[in-house]
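Q: My questions are about this predicted structure, shown below with the sequence.
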Amino acid sequence: MLIDTHCHLDFKDFDADRDAVLERSRAAGVERIVNVGSSVEGSRRAVELAAKYDMIYASVGVHPHDAKTATDKVMADLRALGKEDKVVAVGEVGLDYYRNLSPKEEQLAVFKKFIHLARDLGLPLIIHSREAGTEALDILKKENKNGVAAVMHCFAGDRDFLNRCLDAGLYVSFTASLTFKNAKSLRETAAGMSVEKLLLETDAPFLAPQSFRGKRNEPSYLTYLVEEWSGILKLSKEDIERVTTHNADELFGLGLENKPKVAYQIRHGLYLNITNRCTNACDFCVRSQTSFVKGHNLRLDKEPSAEEVIASVGDPKKYQEIVFCGYGEPTSRLDVVKAVAKWARSKGAKVRLVTNGHGDLINGRVIARELVGLIDKVSVSLNAESDTRYNAICKPEFGAKTYLAVQDFIKSCVKNGIAVEVTCVDVEGVDVKKCEEIAAALGASFRLRSFGVVG
Ligand code: SF4
């Protein structure tokens with residue numbers, strides 16, 4: 001399912017064929033739409049559309065062009081509308097200094113009022129910011145004491161502004177202007193986007209993708225944007241779809257079902273989540289922040305048996321590799337790893353184990369020999385160049401002896417002919433070069449992982 005998080009189906013442009021537009025939207029997989037209000041009348045129509053169509057949700061606001069019309073009466077009307085069913089956001093609101101159709105001072109004052117309205121209603125903000133530099137972000141930070149969530153819609157800024165938005169915890173959405181032939185620099189900026197904060201939008205009827213440029217845009221064209229993002233972020237279209245749908249659900253509270261998964265696909269690999277227990281408590285571990293990785297819910301209700309894991313895989317040959325990973329340390333369930341790996345290998349699949357390297361300590365014996373013939377490759381998180389730093393970052397349950405035990409595990413895997421890749425996360429203060437040297441000395445390859453990027 002795709003979600004168009006920003007369009008204006010209430011506009012006259014859709015009066016003649018709104019039902020047909022929605023039918024095409026459904027057919028293209030765009031099953032939810034946030035109809036964004038840009039005036040009090042438009043917000044009222046958005047609420048009416050949300051009441052009429054299951055797939056539509058509404059937001060209420062006044063576009064910064066019309067900030068001068070946001071009287072006390074308008075604000076009171078919007079406050080009332082904001083309490084209606086299926087209203088999921090306040091917006092679009094913000095600053096537009098491109099055309100300055102309302103005086104700057106009024107835009108600023110009205111934007112602040114909308115931040116407070118969103119806070120009072122407990123709704124996220126949809127922000128429009130054009131030619132306003134970092135001002136909208138600065139005001140949001142200053143006024144937003146209670147941490148109202150927000151999306152920067154129709155992003156058209158540079159990499160620095162994108163990073164500021166992401167650092168401030170905002171979601172960001174780009175329109176299909178990303179597909180325009182002359183949008184090279186915007187695509188370069190977009191390459192720095194975190195998919196975990198990405199939303200999809202058409203902004204229909206505006207900004208149709210390159211193939212329909214100049215024509216009316218509509219939600220079904222969202223698929224062109226998915227294709228573009230797939231190329232930019234080197235993720236599959238399914239990955240883009242799943243993650244952005246999850247993000248939209250998280251921001252707007254649409255209540256979509258997302259059950260915990262044992263087997264989950266990212267790109268061309270299938271990952272197996274067999275436990276949520278881990279013998280480390282790394283500072284950077286995403287488990288403490290979210291239940292989701294690339295849109296998959298990894299918070300297990302119960303640990304699956306080997307049979308249940310196998311049943312969740314289906315045909316292992318469909319994937320480039322089967323990876324024991326998930327939200328915990330796989331070797332704490334070594335029997336399950338061995339049984340599932342044996343089955344997957346017998347079907348001709350490649351199997352990789354992602355581990356913290358504590359397997360020997362957890363199981364009270366050297367386990368590498370038991371992995372021979374079952375595991376093609378092991379990825380071990382070393383994460384530090386010294387035991388002191390390892391203990392500080394990873395806080396291992398086994399205490400001071402752990403760092404050396406991880407190295408012993410790597411050595412015994414190498415000795416038993418299993419390919420080993422040592423990984424580190426680029427956390428500030430870690431001597432990456434030294435880690436790389438340690439990996440080489442142990443006979444392993446090395447991979448640096450980016451902080452905050454999982455999956
Ligand atoms: S080893 Fe992995 S799962 Fe365990 S705490 Fe560290 S990052 Fe999280």
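A: Yes, it's here.
Q: I'd assumed Ala136 was in contact with Gly94.
A: Yes: look at Gly94 against Ala136 with CB atoms under 8 Å: they come within range, at 5.0 Å. (Glycine included, C-beta is placed from N, CA and C.)
Q: so what's in contact with these two at the same time?
A: Phe111, Ile127, Ser129 (CB atoms under 8 Å, 6 or more residues apart in numbering).
Q: in which helix or strand would I find the second one?
A: So the one you mean is Ile127. strand 125-130 (DSSP states H and E).
Q: in its sheet, what does that strand sit against?
A: Each strand that pairs with strand 125-130, with its direction, by DSSP bridges: strand 87-96 (parallel), strand 150-152 (parallel).
Q: Contacts for the helix or strand just after the longest one, please.
A: The one in question is strand 87-96. Once strand 87-96 ends, the next helix or strand along the chain (criterion: DSSP H and E) is helix 104-121. Contacting residues not belonging to helix 104-121 are listed as 61-62, 64, 67-68, 70, 75, 78-79, 82-83, 87, 89-91, 93-97, 102, 124-125, 135-136, 139-140, 143-146, 148, 150 [CB under 8 Å, 6+ apart].
Q: Could you do stretch 446-455 as well?
A: Outside of stretch 446-455, the residues that reach it under the criterion CB under 8 Å, 6+ apart are 194, 266, 271, 284, 286, 293-294, 296, 379, 421-427, 432, 435-436, 439-440.
Q: touching the ligand at all, that stretch?
A: No: residues of stretch 446-455 are not located near the ligand by CB under 6 Å from any ligand atom, the shortest gap being 8.6 Å.
Q: Which pLDDT value goes with the closest residue to the ligand within the stretch 51-200 of the chain?
A: Of all residues in the stretch 51-200 of the chain, Glu196 sits closest to the ligand, at 15.8 Å by CB to the nearest ligand atom. At Glu196, the pLDDT value in this model is 94.
Q: what's the answer for Val425, then?
A: At Val425, pLDDT is 93.
Q: ok, now how distant is Lys104 from Lys68?
A: With distances defined as CB to CB, to the nearest Å, the gap from Lys104 to Lys68 amounts to 11 Å.
Q: Over to Thr175?
A: If you measure Thr175 against Lys68 using CB to CB, the figure is 26 Å.
Q: Compare those two (neighbour count), which wins?
A: It is Thr175, of Thr175 and Lys68, that has more neighbours when counted by other CB atoms under 10 Å, with 26 against 14.
Q: and that one, what pLDDT?
A: According to the model's per-residue confidence, Thr175 sits at a pLDDT of 98.
Q: Look up phi and psi at it.
A: The main-chain torsion angles of Thr175 are listed as degrees, to the nearest 10 and equal phi -90, psi -170.
Q: for it, what are its contacts?
A: Taking CB under 8 Å, 6+ apart as the test, what Thr175 contacts is Cys154, Glu201, Thr202, Asp203, Phe206, Leu207, Leu225.
Q: Which residue, neighbours along the chain excluded, lies closest to the fifth one?
A: Of all residues not flanking Phe206 in the chain, Asn217 sits nearest, at 6.0 Å (CB to CB, 6 or more residues apart in numbering).
Q: buried sites along the strand holding Ile127?
A: By neighbour count, with 16 or more other CB atoms under 10 Å as the criterion, the buried positions of strand 125-130 are Leu125, Ile126, Ile127, His128, Ser129, Arg130.
Q: Leu251 in helix, strand or coil?
A: Classification of Leu251 into helix, strand or coil gives helix, according to DSSP: H, G, I helix; E, B strand; the rest coil.
Q: So it versus the ligand, what's the distance?
A: As for Leu251, its distance to the ligand is 25 Å (criterion: CB to the nearest ligand atom, to the nearest Å).
Q: Who are the contact partners of the spatially closest residue to Asn416 that is not a sequence neighbour?
A: What sits nearest to Asn416 in space, not counting adjacent residues and going by CB to CB, 6+ apart, is Ala368, at 4.6 Å. Shown in contact with Ala368 (CB under 8 Å, 6+ apart): Phe409, Ser412, Cys413, Lys415, Asn416, Ile418.
Q: cool, and Cys165?
A: Applying CB under 8 Å, 6+ apart to Cys165 gives the contacts Leu137, Met152, Phe155, Gly157, Val172.
Q: Dump those into JSON lines; add neighbour count as well.
A: Supplementary listing: the contacts of Cys165 in JSON lines, determined by neighbours: other CB atoms under 10 Å:
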{"residue": "Leu137", "neighbour count": "23"}
{"residue": "Met152", "neighbour count": "29"}
{"residue": "Phe155", "neighbour count": "24"}
{"residue": "Gly157", "neighbour count": "21"}
{"residue": "Val172", "neighbour count": "23"}
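Q: show me what contacts Ser59?
A: Under the criterion of CB under 8 Å, 6+ apart, the contact partners of Ser59 comprise 34-37, 43, 46, 87-92, 123, 126.
Q: Residues of the stretch 301-450 of the chain that sit close to the ligand?
A: Proximity of the stretch 301-450 of the chain to the ligand is confined to Gly328, Glu329, Asn356, Ser381, Cys394 under the rule CB under 6 Å from any ligand atom.
Q: how about those residues in TSV, adding secondary structure and neighbour count?
A: Compiled in TSV, these are given as follows (DSSP: H, G, I helix; E, B strand; the rest coil; neighbours: other CB atoms under 10 Å):
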residue	secondary structure	neighbour count
Gly328	coil	21
Glu329	coil	24
Asn356	coil	25
Ser381	strand	21
Cys394	helix	25
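Q: Many thanks, we can stop here.
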